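Peer 1: following is a predicted model, sequence given first.
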Amino acid sequence: MKNFALGFIIILTLSACKHSAKDSDTTSIKQEIPTSQDEITKLTVYDRHGDHMEIITNNTKNTVAVRLSGKTYELHKNAENPGFSTVDNKYQFTETKYEVTFLQKDVDMVLFHGRKDQSTTKMASQ
């Protein structure tokens, strides 16, 4: 009876393992990770006092995130002028080819004004 039970277990084990782990019959499931289609650029600008401001521009959504002195300001494209402003219209961000300005509109105070690094704005002349 022991031989019969042992033989039965061996037959079940051999018949259950028909495929090896390296067979090409097995398919692997790859989970697709959605990637953001937004065009995002990051830039850090320094002023003459050594302070810095980080600018994260999302060109797809026409938004700018400005990080200055530990605070983050979310700004949206302004239809009235060429800059960006907050929803409550208290702050304004303007950017030219070489300079950036971030100001508080209700008191007409410039919070940050700096020049972009010339090496990052130059185009290759070759």
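Peer 2: Thanks, I have it. Residues are numbered from 1 along each chain as shown.

Peer 1: counting by contacts, list what the helix or strand harbouring V66 packs against.
Peer 2: V66 belongs to strand 63-68 when elements are defined using DSSP states H and E. Judged by 3 or more Cβ pairs under 8 Å, 6 or more residues apart in numbering; DSSP states H and E, strand 63-68 is in contact with strand 52-58, strand 71-77, strand 91-95. Using the backbone N, CA and C atoms, a C-beta is placed for each residue, glycine as well.

Peer 1: got the buried residues for the last one?
Peer 2: This points to strand 91-95. Using 16 or more other Cβ atoms under 10 Å as the test for burial, strand 91-95 gives Y91, Q92, F93, T94, E95.

Peer 1: which stretches in this structure count as helices?
Peer 2: Ranges of helices in the chain, per DSSP state H, are 2-16, 118-121.

Peer 1: related to what we said a few turns ago, only C-alpha atoms, please: export the strand holding V66 in CSV.
Peer 2: The C-alpha trace of strand 63-68 is given here as CSV (Å, rounded to 0.1, in the frame of the first residue of the first chain):
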residue,chain,number,x,y,z
THR,A,63,1.3,77.4,-16.3
VAL,A,64,4.4,78.4,-14.3
ALA,A,65,5.4,77.3,-10.8
VAL,A,66,7.7,79.7,-9.1
ARG,A,67,9.6,78.6,-6.0
LEU,A,68,11.1,81.5,-4.0
